[in-house]
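1. Let's see this in three dimensions:
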Amino acid sequence: MDLQNFLNGVQNETVTVPKIKEGKKTKGTVIKKIEKGVLVSCQDDTFTGLILPKEAKDLERNGVDLSPGTELEAEIINLDTMDDEGYFVISISKLIQYDVWNSILEKTKKDETITVVPSEANLGGLLVDMHGIKGFIPLSQLAPVNYPRVEDGDQEKIFEQLLDLMGKEFQVRIINIDEDGKRLILSEREALREEKDKIMQDLDIGKEYEGTISGVSSYGLFVTIGGGIEGLVHVSEITYGHVDNIERFGNIGDKVNVKVIGYEDGKISLSMKKLKGDPWKIIPQKFQIGDIVEGEVIRFVPYGVFIRVYDDINGLIHLSEITGKAVSNPAEIVKPGQKVKAKIILMDPDKRKMGLSMKALEEEKEGKSRSSKSTSAKEQKSEKVVVKKKKDQ
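-> Numbers count the residues shown, from 1 in each chain. Predicted structure coming up:
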C-alpha cells in the first residue's frame, strides 16, 4: 500500500473521542503515587487523572487499595480544576460514599453493628470519617473500658486518653442519622447491648467472672465484665491487707478475676480478695510471738511505721519500738522501701493486728555485747590470777 492510499484510508475512518465532562464516571487503572497524589490512567489512556493527596490518604486509611495496577471507577471533578501539569482532578470518594451510605442505612434497618476507626478526637468524644460520611461517638456512648475516667476532671488528661484511642477499631451501633448532612451519632455501648442483657439476666451475688480493669481511682478499681457492664472493687475488697499503692494490684486493660458481692440501684460491687484465702487464718500457723521477721517498710504514720510481713499483711512497729533512743519521726531511722528485721511482740488474728519491735532486737544485741564483754573481762581477770600465782611460785 502506497502512502496516498494509506492517508485516504485514515481519512475515511471514524475516530471516536471519549467525552471528558464534569461529573462523568470513568474507569481507570492506578499508574503510580507521586508527591501530588495518585495518578490514574482513565478511559483507555485517553487522559490521566489525579487523586489529590488528602483524599488518597483518607481512602487508604479506610482500606482502599491504591497500589499500581489497581482498577477503579472515579468521577471527574470540575474541568476547571486541573493540575499544573494538565492532570484532570478525579475523585472516587463520592462513588464509594454512595455505597457506604446505602450500606449504613441497611445495617440500621437490621439493627446491626458496624466497625469504625476514629481519626480525630475532641473533649466531647471521637470523630469518625467513612469516605466522607461523618460519625461521632459521644463520651457518654463509649464502653466503660474506653471511657476516660479522670478523677479531677482535668480536660488535658481526658483529651490525652481520647487520643490514645485513635486508630483503634470500634464496634458501634447507629443511634441517630442526619440524612441531609450525612452525619451519624454512634454508640459503642449499644453495640454491647445483647452481651450486657445476657450478663445482667444471669448476674447474682456470689458469681465469679473474669473482667478487665477499666478504671483506677483512689477508692478502688473499676472492672468491666463482658465489655458493657462495670462494677467497682472498692479498695477494701482488693486485698486483705493495706493497699498502699493501688496500681500495684492492676492497671487499665489488665484481666482480673472478681466475685459479685452486691447489686443495688444499678451499682455492682465486686471483690478480688474473696477469691483467695484469708491470710490471717494462715499467719498463726506460720508465725509466733517472739519470731523474727524481715519486711519492707510500706508506710509511715504519726505513731510508727508499717512493714509488709506476709502476703499483703503489714505489722506495726510503734514509734516507741523502733529504737531505744528518743525519736519523734520514724524517718530518722528507716526509709520507705527499706528491708528491716523486727521481733513479733503482739499477734491478734481476731483484730487483725500484729505488733513488731526493732528495739527488742537492738536490746538483745546490746545485751549479748555486754555479756560478751563481761565474760571477756572475767577471762582476762582469771588469766591475771593464774600468771600471778606462777610468779609467786
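2. how many other residues sit next to residue 64?
-> With neighbours defined by other C-beta atoms under 10 Å, the count for residue 64 comes to 17. C-betas here are computed from N, CA, C, even on glycine.
3. Next, it: secondary structure please.
-> Three-state call for residue 64 (DSSP: H, G, I helix; E, B strand; the rest coil): coil.
4. Now do it against residue 24, distance only.
-> 21 Å (C-beta to C-beta, to the nearest Å).
5. model confidence over the helix or strand containing residue 366, on average?
-> Following DSSP states H and E, the helix or strand that holds residue 366 is helix 359-392. The average pLDDT for helix 359-392 rounds to 64.
6. Over to stretch 147-159?
-> Mean per-residue pLDDT for stretch 147-159: 86.
7. mind checking the end-to-end distance for that stretch?
-> By C-alpha to C-alpha, to the nearest Å, the extent of stretch 147-159 from end to end equals 11 Å.
8. That stretch: which residues count as buried?
-> For stretch 147-159, burial by neighbour count (16 or more other C-beta atoms under 10 Å) applies to 147-148, 150, 158.
9. Repeat that for stretch 101-109.
-> Buried positions in stretch 101-109, judged by neighbour count with 16+ other C-beta under 10 Å: 101, 104, 108.
10. need these in CSV with pLDDT, can you?
-> Formatted as CSV, the buried residues of stretch 101-109 follow (pLDDT from 0 to 100):
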residue, pLDDT
101, 87
104, 87
108, 89
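11. ok, of these, which one's closest to residue 135?
-> Using C-beta to C-beta, residue 104 comes nearest to residue 135 of these, at 9.0 Å.
12. Next, the closest one: secondary structure please.
-> Classified using three-state DSSP, residue 104 is helix.
13. you'd agree it is up against residue 114?
-> Yes. The pair residue 104 / residue 114 is scored as a contact, 6.9 Å apart, by C-beta atoms under 8 Å.
14. what's the overlap in contacts for those two?
-> Both residue 104 and residue 114 are contacted by residue 174, under the criterion C-beta atoms under 8 Å, 6 or more residues apart in numbering.
15. Could you list the low-pLDDT ranges of the protein?
-> Applying pLDDT under 70 to the chain picks out residues 1-22, 61-62, 78-83, 368-393.
16. do that again at 80, thanks
-> 1-23, 58, 61-63, 78-86, 94, 131-132, 151-153, 227, 244, 366-393 (pLDDT under 80).
17. So which residues of it form helices?
-> Using DSSP state H, the helices of the chain run over 3-12, 53-61, 93-109, 155-163, 188-191, 193-202, 283-286, 359-392.
18. With just CA atoms, put the fifth one into PDB.
-> Below are the C-alpha coordinates for helix 188-191, written out as PDB (Å, rounded to 0.1, in the frame of the first residue of the first chain):
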ATOM      1  CA  GLU A 188     -20.200   1.600  71.500                       C
ATOM      2  CA  ARG A 189     -22.400   0.900  74.500                       C
ATOM      3  CA  GLU A 190     -25.400   0.000  72.200                       C
ATOM      4  CA  ALA A 191     -23.200  -2.400  70.300                       C
END
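19. Now residue 159. Nearest residue, chain neighbours left out?
-> Closest residue to residue 159 apart from its sequence neighbours, by C-beta to C-beta, 6 or more residues apart in numbering: residue 123 at 6.1 Å.
20. With residue 221 as the reference, measure out to residue 299.
-> Counting by C-beta to C-beta, the gap from residue 299 to residue 221 is 20 Å.
21. check contacts around residue 32.
-> 38-39, 68.
22. Correction: the previous question concerned residue 49.
-> 26, 28, 39-42, 74, 76, 87-90.
23. Going through the residues you listed, which ones are buried?
-> For the contacts of residue 49, a burial check counting by 16+ other C-beta under 10 Å picks out 26, 28, 39-40, 42, 74, 76, 87-90.
24. Can I get the residues you listed in TSV including distance to residue 315?
-> As requested, these are arranged in TSV below (distance: C-beta to C-beta, whole Å):
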residue	distance to residue 315
26	81
28	78
39	75
40	75
42	81
74	75
76	81
87	79
88	81
89	76
90	76
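25. And the furthest pair within those?
-> Farthest apart among the buried ones among the contacts of residue 49 by C-beta to C-beta are 39 and 76. That separation is 14.7 Å.
26. what's next to stretch 37-44, contact-wise?
-> 18, 20, 26-33, 48-53, 55-56, 66, 72, 74, 87-88, 90.
27. hang on, I meant stretch 182-202
-> Contacts for stretch 182-202 (C-beta under 8 Å, 6+ apart): 97, 101, 104, 113-114, 116, 128, 132-138, 141-143, 146, 170-178, 225-229.
28. One more: stretch 207-222?
-> Residues contacting stretch 207-222 (C-beta under 8 Å, 6+ apart): 144-147, 149, 151, 223-227, 230-235, 237-238, 246-247, 249-260, 270, 272, 275.
29. Kindly export it (C-alpha atoms) in CSV.
-> As requested, the backbone C-alpha atoms of stretch 207-222 are provided in CSV (Å, rounded to 0.1, in the frame of the first residue of the first chain):
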residue,chain,number,x,y,z
LYS,A,207,-21.0,-15.4,90.9
GLU,A,208,-17.4,-15.2,89.7
TYR,A,209,-16.3,-13.5,86.4
GLU,A,210,-13.2,-12.7,84.5
GLY,A,211,-13.2,-8.9,83.9
THR,A,212,-11.0,-6.1,82.5
ILE,A,213,-9.8,-3.2,84.6
SER,A,214,-11.5,-0.2,83.0
GLY,A,215,-10.6,2.5,85.6
VAL,A,216,-8.2,3.1,88.5
SER,A,217,-9.1,5.6,91.2
SER,A,218,-8.0,6.3,94.8
TYR,A,219,-11.1,4.4,96.1
GLY,A,220,-10.9,1.3,94.0
LEU,A,221,-10.7,-0.5,90.7
PHE,A,222,-13.4,-0.3,88.1
